[in-house]
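Visitor: Model the structure of this input:
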Amino acid sequence: MSGVQTFDTLEVGMTWQCAARTLTEAELAWSCMSSGDWHPIHADAAFAATTAAGQRMFQGSYGIHLALGMATHLPELGDSVIAALGLNDWTFRSPLFVNDTVHAEVELTGKRETRDGARAVIDRRVRLVKSTGDIAQEGKISTLIHRRSAAT
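Guide: All right, here's what the predicted structure looks like:
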């Protein structure tokens, strides 16, 4: 299904997938700079080569950042999004490396109206998947939305 979704058009079990993108050297440097996490497994190629991974890897938090960013418009909710309510059960399954190609997969796992009837909560499972098919990370996010778009 394409186009802007509303609470009424969303059905539990619906799935979406975003376009894939490849992680870059610049992103790894940016991730170190923005997080302040300069652990040698992220920042020192010579050190990282001596580890089980054999190469530098992204911080786990970058995977969360990436997965949720990629999944922001899955489903497309237009102007109805109010706020993220929580992130639950996030797991790290496979490290992310420079040149990994990843995409996000999203499944609507729940939806419910709030007491006032003007708003609703949607629950989504988000998976960050490598081009190899390996799930790098996954978890659940709950989002508060307007029951109807502000435009309607």
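Visitor: Where does pLDDT dip in the protein?
Guide: 1-2, 149-152 (pLDDT under 70).
Visitor: Need the CA coordinates for stretch 135-152. PDB is fine.
Guide: The C-alpha coordinates for stretch 135-152 follow below in PDB (Å, rounded to 0.1, in the frame of the first residue of the first chain):
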ATOM      1  CA  ILE A 135      19.700  -9.100  10.900                       C
ATOM      2  CA  ALA A 136      22.100  -6.600  12.400                       C
ATOM      3  CA  GLN A 137      19.800  -5.100  15.000                       C
ATOM      4  CA  GLU A 138      16.100  -5.200  15.800                       C
ATOM      5  CA  GLY A 139      13.600  -3.800  18.300                       C
ATOM      6  CA  LYS A 140      10.300  -2.200  18.900                       C
ATOM      7  CA  ILE A 141       9.200   1.400  18.900                       C
ATOM      8  CA  SER A 142       5.900   2.900  20.000                       C
ATOM      9  CA  THR A 143       4.800   6.200  18.400                       C
ATOM     10  CA  LEU A 144       2.000   8.600  19.400                       C
ATOM     11  CA  ILE A 145       0.000   9.900  16.400                       C
ATOM     12  CA  HIS A 146      -3.000  12.000  15.700                       C
ATOM     13  CA  ARG A 147      -6.100   9.800  15.200                       C
ATOM     14  CA  ARG A 148      -6.700  11.800  12.000                       C
ATOM     15  CA  SER A 149      -4.300  13.900   9.900                       C
ATOM     16  CA  ALA A 150      -4.300  17.600  10.800                       C
ATOM     17  CA  ALA A 151      -5.100  18.200   7.100                       C
ATOM     18  CA  THR A 152      -8.400  16.300   7.300                       C
END
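Visitor: buried residues in that stretch?
Guide: 136, 137, 138, 139, 140, 141, 142, 143, 145, 146 (16 or more other CB atoms under 10 Å). All C-beta atoms are positioned from the backbone trio N, CA, C, and that covers glycine.
Visitor: Would you mind listing the residues in contact with residue 7?
Guide: Residues near residue 7 by CB atoms under 8 Å, 6 or more residues apart in numbering: 80, 111, 113, 120, 122, 145, 147, 148.
Visitor: out of these, who's nearest residue 61?
Guide: Distance to residue 61 across those (CB to CB) is lowest for residue 122, with 23.7 Å.
Visitor: Excluding chain neighbours, what is closest to that closest one?
Guide: Excluding the flanking residues, the one nearest residue 122 by CB to CB, 6 or more residues apart in numbering is residue 111, at 4.9 Å.
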